[in-house]
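Asks: Next comes the sequence, and after it the predicted model I'd like to discuss.
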Amino acid sequence: MPVELNRDTILRAPKVLLHDHLDGGLRPQTIIDLAAEIGYDKLPSTDAAELGRWFAEAADSGSLERYLETFDHTVAVMQTVGGLRRVASECAQDLAADGVVYAEVRWAPEQHVSEGLTLPQVVDAVLAGFADGVAVAAERGYTIRVGALATAMRHAARSREIAELAVAYRDHGVVGFDIAGAEAGFPPTRHLDAFEYLRRENYHFTIHAGEAFGLPSIWEALQWCGADRLGHGVRIVDDIAVTGSTLDEHVDSARLGRLSQYVRDKRIPLELCPSSNVQTGAAPSIAAHPIGLLRRLHFRVTVNTDNRLMSDTSMTKEMLLLTEAFGYSWSDLQWLTVNAMKSAFIAFDERLAIINAQIKPGYADLLA
Ligand SMILES: O=c1[nH]cnc2c1ncn2[C@H]1C[C@H](O)[C@@H](CO)O1
Ligand SMILES: [Zn+2]
C-alpha cells in the first residue's frame, strides 16, 4: 500500500526546485532584523506575521509589474555581505527542511550593489551563505545541494557583464544564467549579445518567458536566444487548440501549433510556478492552471515555487495544491521530480547520482 498523500508525507518526499528567487524567499523576521541593522525604515510592518501577510497580499495583484514592486523591500535589505550571507544560508536551510534535495536559486547581483558592494563581493557572499546553510542542514540530517543562477534584469543593460560574471564563477557554484523582470516591452532579444556569449562558452541559461507576455516571447527565447529552459513558459498553451470543457476533452482534442510541438519534441523544460501564476494573472486558478493539460500531453513539466515569500508557498505546498486539483499520485510527483532533476544545469552524471541515490529510493519508500 502506498503511503497516504498529505502535507506531512509530501514534506518527506525528495523534491527538486529549479526556479526560486533568493530575494523572493526571505523569512519575514530576517527582513525586519536586517532593516533595523541598516536603518531601512520603509517596511510596511515590523511585525513578522503581519509583514508576511503584507507581501502575500501585495503580490496578489493580478499584474506582474505590481507583483515585482514588492521586491523593493527585500532587495533593500540585501545590500551587505552579512545580509546576503544570512539570507542565502536561511534559504538553503528552509529548502532542506521542505524536503528539497537539489535547488537552483537565482538572484540578480546587479541589484545588490547600491550600497557599495562589488559584483564579485555579492556573489561571494551568496555562495558562502549557501555553503553555510547546506552545512547547517546537514547537521540536522538533511542532504541538499544548492546551485546558484545569476540573473540579469531585462529592463537594464548589464546582461553581458552578468553573463561574464556567471561564467567566471562556473566552477564555484554558479551553474547558470537567467533574465527576469517585467516581460512586456523587454523582449529577450535585447540581450542577444549575452546569450551568444554564453553559447560560445558552452554555458547553461534559462529565460523568464511566456509569463506576462505570450508566444512571441517564448519563440524569441528559444529560437533567437537559445534558452535551455523556459522560466514559466506557461503561455505555451496559447499555441495548443482544444475543444470541450473538461481536461479529458482538452487532452483528446489537443492540436499543437508549430512552436508548442517544437517545445514538446525538444523536451524543453518548463519551469512552472502555479501559485505565482495565479497571483500575477498568468493563470486563473490552480485548478485551471495549464500544468494539468501540459502534464497530460507529456511536455517536460517541472513544479516550482518562484517566490516563497510573495506566494506564501513551499515545494510541499505547490505539490499538495496539485494533488488536490488534479488528483496527482506519488508516481506523478516522482515524474515531476525526475523531470526537474534531468533538467538541472549541473553535469549529467551528477544529476543521475541524485536521481539514483535520493529521488528513486525516497519515492520507492512512499510507493511501497
Ligand atoms: O515571476 C517573475 N517574473 C519575472 N521576474 C521576476 C519574477 N519573480 C521575481 N522576479 C524578479 C524580481 C527579482 O528582484 C529578480 C531577481 O530575483 O527577479
Ligand atoms: Zn521567476
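Replies: Yep, that arrived. Fair warning: this is a prediction, and the values are worked out from it, not measured in the lab. Ligands and ions are numbered 1, 2, ... in the order given.
Asks: Identify each buried residue in the worst-scoring helix or strand of the chain on mean pLDDT, please.
Replies: Sorting the helices and strands of the chain by mean pLDDT, DSSP states H and E puts helix 64-69 at the bottom, at a mean of 87. Judged by neighbour count (16 or more other C-beta atoms under 10 Å), helix 64-69 contains these buried residues: 64, 67, 68. For the C-beta atoms, the positions are set from N, CA and C on the backbone; glycine is no exception.
Asks: As CSV, the residues you listed with distance to residue 125 would be great.
Replies: CSV is the format used below for the buried residues of helix 64-69 (distance: C-beta to C-beta, whole Å):
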residue, distance to residue 125
64, 28
67, 26
68, 23
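Asks: filter those residues down to the ones close to ligand 1.
Replies: For ligand 1, the contacts drawn from the buried residues of helix 64-69 by C-beta under 6 Å from any ligand atom are 64, 68.
Asks: May I have the least confident helix or strand of the chain as CSV, with CA atoms only?
Replies: The C-alpha coordinates for helix 64-69 follow below in CSV (Å, rounded to 0.1, in the frame of the first residue of the first chain):
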residue,chain,number,x,y,z
LEU,A,64,3.4,41.1,-12.9
GLU,A,65,4.5,44.7,-12.7
ARG,A,66,2.8,45.2,-9.3
TYR,A,67,4.0,41.8,-8.1
LEU,A,68,7.5,42.9,-8.8
GLU,A,69,7.2,46.2,-6.7
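Asks: Residue numbers of the stretch 201-350 of the chain in contact with ligand 1?
Replies: Near ligand 1, when you scan the stretch 201-350 of the chain using C-beta under 6 Å from any ligand atom, you find 208, 211, 276, 306, 307.
Asks: tell me the phi and psi of residue 282?
Replies: Dihedral pair for residue 282: phi -70, psi -20, per degrees, to the nearest 10.
Asks: what's near enough to touch it?
Replies: 64, 211, 212, 232, 234, 235, 276 (C-beta atoms under 8 Å, 6 or more residues apart in numbering).
Asks: which among these end up buried?
Replies: 64, 211, 212, 232, 234, 235, 276.
Asks: Tell me which of those residues fall in strands.
Replies: residue 232 (DSSP state E).
Asks: Nearest to residue 32 among the buried ones among the contacts of residue 282?
Replies: Nearest to residue 32 out of the buried ones among the contacts of residue 282 is residue 276 (C-beta to C-beta; 23.5 Å).
Asks: what sits against the closest one?
Replies: Going by C-beta under 8 Å, 6+ apart, the list of residues near residue 276 reads 67, 282, 305, 306, 307, 310, 311, 313.
Asks: Among those residues, name the ones in strands.
Replies: Using DSSP E, none of the contacts of residue 276 sit in strands.
Asks: Output these as CSV; include the columns distance to residue 116.
Replies: As requested, the contacts of residue 276 are exported to CSV (distance: C-beta to C-beta, whole Å):
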residue, distance to residue 116
67, 29
282, 36
305, 31
306, 29
307, 26
310, 27
311, 31
313, 33
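Asks: rewinding a little: farthest pair in the contacts of residue 282?
Replies: Farthest pair in the contacts of residue 282, by C-beta to C-beta: 235 and 276, 13.7 Å.
Asks: Pick out the lowest-pLDDT one from the residues of the stretch 201-350 of the chain next to ligand 1.
Replies: The lowest pLDDT within those belongs to residue 211, with 89.
Asks: List the residues that contact that one.
Replies: Taking C-beta under 8 Å, 6+ apart, one finds 64, 183, 231, 232, 233, 234, 235, 277, 280, 282 in contact with residue 211.
Asks: So for residue 186, what's the pLDDT?
Replies: 89.
Asks: Contact partners for the residue lying closest to it once chain neighbours are set aside?
Replies: Nearest non-adjacent residue to residue 186, counting by C-beta to C-beta, 6 or more residues apart in numbering: residue 154, 4.0 Å away. Neighbouring residues of residue 154 by C-beta under 8 Å, 6+ apart: 179, 180, 181, 182, 183, 186, 188, 190, 191, 208.
Asks: Next: residue 110.
Replies: Counted by C-beta under 8 Å, 6+ apart, residue 110 has contacts 119, 152, 153, 156, 158, 161, 162.
Asks: What count of nearby residues applies to residue 150?
Replies: 27 (other C-beta atoms under 10 Å).
Asks: Look at it and tell me its secondary structure.
Replies: strand (DSSP: H, G, I helix; E, B strand; the rest coil).
Asks: So in terms of bridging, what pairs with it?
Replies: residue 107, residue 177 (DSSP bridges).
Asks: isn't it right next to residue 180, touching?
Replies: No. Using C-beta atoms under 8 Å, residue 150 is not in contact with residue 180; the gap is 10.8 Å.
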